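J.: Got a sequence here, can you build the structure:
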Amino acid sequence: MTLHDLEGRAPGLAAPGATSDDPDRRPQALVRRDQLEAVRRSVLTAIPVNMLLGLASVLVAFQAGNGRAGLIWYAASTGANLLRIGLCRTACPGLALTAAMPPDMAAEAARSLDGHLRACTLAALLSGLVWAFQPLLCAGYTSAQTLFYLTITCGITAGAVTHGTAYARIPVCFILLPLLSVAYCLFAADGFDQSCLALCVLLYLAALSRSAFQSEAGFREASRLKNEATALARSRADAQASANALIEEMRWRATHDDLTGLLNRAGFIQQAEAHRNAGTACLLLLDLDGFKSVNDVYGHQTGDRVLVEVARRLRTTLPPGGLAARLGGDEFAVLYDPSATGVTYAALAAGLIAAIAQPFDGFDEGRVGVSIGIHAEPEPSLMEMLSCADEALYASKAVGRNRFRLFDAGLRSCLEMRRDLERDLSHALVENALEVWFQPIYALDARTLVGLEALVRWHHPRLGWISPPDLIAAATTAGLTESLLRFILDRVCRMMQILRARGLGTVRVAMNVSPREMAQIPVDEIVIERLVTLGLPAEMLEIEITEETALDLGAVQGKLQAISRAGIRVALDDFGIGYSSLSSLRQLRADRIKIDRNFVTGLSASDDKRGLVLAVLGLGTLLGLEVVAEGVETQEDLQMLQSMGCPFLQGYHLGRPSPVQDLEAVLFAQQPQAA
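T.: Sure thing, here's the model as predicted:
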């Protein structure tokens, strides 16, 4: 076997001078590094044995009367050995090579490794050349000391191969000349026995060489596997660090407002409950006056700067231990304990009004003010406090800017009047006054219909259109949660039947289930029983839940598992603004996540939003979850999402919620077959 054969048979063996800036060369250079380290260890181990055997050869030469030649030979051998020791102790930059080293440094390190290996090989050849002259000490293996010197030669060559398993060139170069010298002398002796012995020596040389190359191949493979395992471990550690950073970022984003850094609604609710339980809580809701005109006149960037400055002023004015949050838009909240801080609600409200009334850079004084609604009495829940404070805020804004209003008995009466809505809801359900509209969801091409989302609508005879959140809240308070759910489910099942009749059986229909509905009623039993009764495939139905459902996993996890086992898919709505963690995605049995419209609207003009959307898309790929982008409002945002490879799209730009009859007349006619 030649050195060229080894180059071909040992994967990744780089030619001398190869650089490691090529990604394919870096693993080869790492193997070279391991080879040089092993060569240095083996040579430093073998040299003392080499010198002792050489000394024994000199002593035998003295005994045979050939001491002068023995001393000359031993001096040459010692010089070669000292050279080899010096090379093994010489600093080599290549030994510091790592997989993470910059390309230019890695290339230099690889060249250093190749140079040191070549030098060690030449030194081994020089040492072998000295041992090739040992026949001079025994008259060409014809003296009485022949057996001793043959034994010494065979032993030292076998030892060289045994120790030199990492880099075959070195032991082969060392043993080649001594064994060829032995064979030559034996052939020259011109005897049958000597000739046979010479042939055996040549066979011994071939066997040792073959063993050396096989050992090197095994060493290189072990080195490659070790380096791959190290790289894999490093990659996994880096991936874990990135995942942890992403988790921390998403956890922070789930509870904080990106623009101002204050708590968002979910984070405020979470922390406010703990504050309420720890002492007397006073809640202030703030709504900026004149902020819309700032956006209209000066632009949204200026408006964002105003919000950031308002948040800073809130932090400055906030009593110790208080909470400040941006609930959305230009609405803020403050929660604190008056008894613990000694600050009355009137003093704090006046301080906040004065702080926000200070001039803002870029426009005239007095353009921005604030109205404040205050609730300072105990309530059974934080949501009740928010509702009462909101009522006070509306009353404050009704009488002008830069005012505050305390929630009192008069405002409570007004709130109760608005709650008449709850009473009317039961009649609306009985009389089928509610409607369920459907908004289409499309595939990446923005043309292929893949799903419909059911959205409940109610046109109140006195109050007009009622928003879905208000409707759900009214149903919850009135104890009509299950009735409303059954009503929506019935309309969803009718839509599934229509889709099947039109050959669109793979189009999935999604219905929203609020956290309260999921926690308080047997959603799994109701939905599964209805599908079985109507003979509808579970795969056509999708249940959409919000991230707030993660707040009470214990109450909903069993229901979600039953829904998932039945074949019904689960989608996590408004992903990115709620409370769920990566671990809760699995506990919620989610098959799909829907990126909240706040991160999609204006996507083409926001680097931060693009980064977050890409992160969610990557997370979906990593966890095997489908990803839907909600709130696609413009052609620019659509094109940006398509370029990112977002698989499913939904928004007013693609299709608005429509009654069933409109869908049958227009949309289904354009979808001749199942998507």
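
J.: all contacts plus neighbour counts: C-alpha atoms, from now on.
T.: Noted.

J.: Return the residues in contact with the closest residue to residue 162 other than its chain neighbours.
T.: Spatial nearest neighbour of residue 162, excluding adjacent residues (C-alpha to C-alpha, 6 or more residues apart in numbering): residue 212 at 7.9 Å. Residues in contact with residue 212, defined by C-alpha atoms under 8 Å, 6 or more residues apart in numbering, are 161-162, 164-165, 167-168, 171-172.

J.: From these, which shows the smallest pLDDT?
T.: Lowest pLDDT of the contacts of residue 212: residue 164, 82.

J.: Could you confirm the residue nearest to residue 162 falls within a helix?
T.: Yes - read with DSSP: H, G, I helix; E, B strand; the rest coil, residue 212 is one of the residues of a helix.

J.: Same list (the contacts of residue 212) but as TSV, adding distance to residue 612, neighbour count and secondary structure.
T.: Shown next, in TSV, are these (distance: C-alpha to C-alpha, whole Å; neighbours: other C-alpha atoms under 10 Å; DSSP: H, G, I helix; E, B strand; the rest coil):
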residue	distance to residue 612	neighbour count	secondary structure
161	59	24	helix
162	58	16	helix
164	54	26	coil
165	52	25	coil
167	50	25	coil
168	53	25	coil
171	58	29	helix
172	59	27	helix
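
J.: Go through these and say which is closest to residue 615.
T.: Nearest to residue 615 out of these is residue 167 (C-alpha to C-alpha; 46.3 Å).

J.: ok, now how distant is that closest one from residue 219?
T.: Taking C-alpha to C-alpha, to the nearest Å as the measure, residue 167 falls 8 Å from residue 219.

J.: Do a quick rundown of the strands in the stretch 551-675 of the chain.
T.: Taking DSSP state E, counting those that start in this stretch as the test, the strands found in the stretch 551-675 of the chain are 569-575, 592-595, 626-629, 648-649.

J.: got the ones you listed as JSON lines, with mean pLDDT and mean neighbour count columns?
T.: Converted to JSON lines, the strands of the stretch 551-675 of the chain look like this (pLDDT from 0 to 100; neighbours: other C-alpha atoms under 10 Å):
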{"stretch": "strand 569-575", "mean pLDDT": "85", "mean neighbour count": "24"}
{"stretch": "strand 592-595", "mean pLDDT": "89", "mean neighbour count": "24"}
{"stretch": "strand 626-629", "mean pLDDT": "93", "mean neighbour count": "24"}
{"stretch": "strand 648-649", "mean pLDDT": "95", "mean neighbour count": "26"}
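
J.: For residue 258, state which of the contacts of residue 212 is nearest.
T.: Distances from residue 258 to the contacts of residue 212, taken by C-alpha to C-alpha, are shortest for residue 167, at 58.0 Å.

J.: which ones are touching the closest one?
T.: Residue 167 makes contact with 35-36, 39, 212-213, 216, according to C-alpha under 8 Å, 6+ apart.

J.: Most neighbours out of the residues you listed, which is it?
T.: Using other C-alpha atoms under 10 Å as the neighbour criterion, residue 213 leads the contacts of residue 167 with 27 neighbours.

J.: Let me see the backbone angles for the closest residue to that residue other than its chain neighbours.
T.: Excluding the flanking residues, the one nearest residue 213 by C-alpha to C-alpha, 6+ apart is residue 168, at 5.2 Å. With angles defined as degrees, to the nearest 10, residue 168 sits at phi -60, psi -30.
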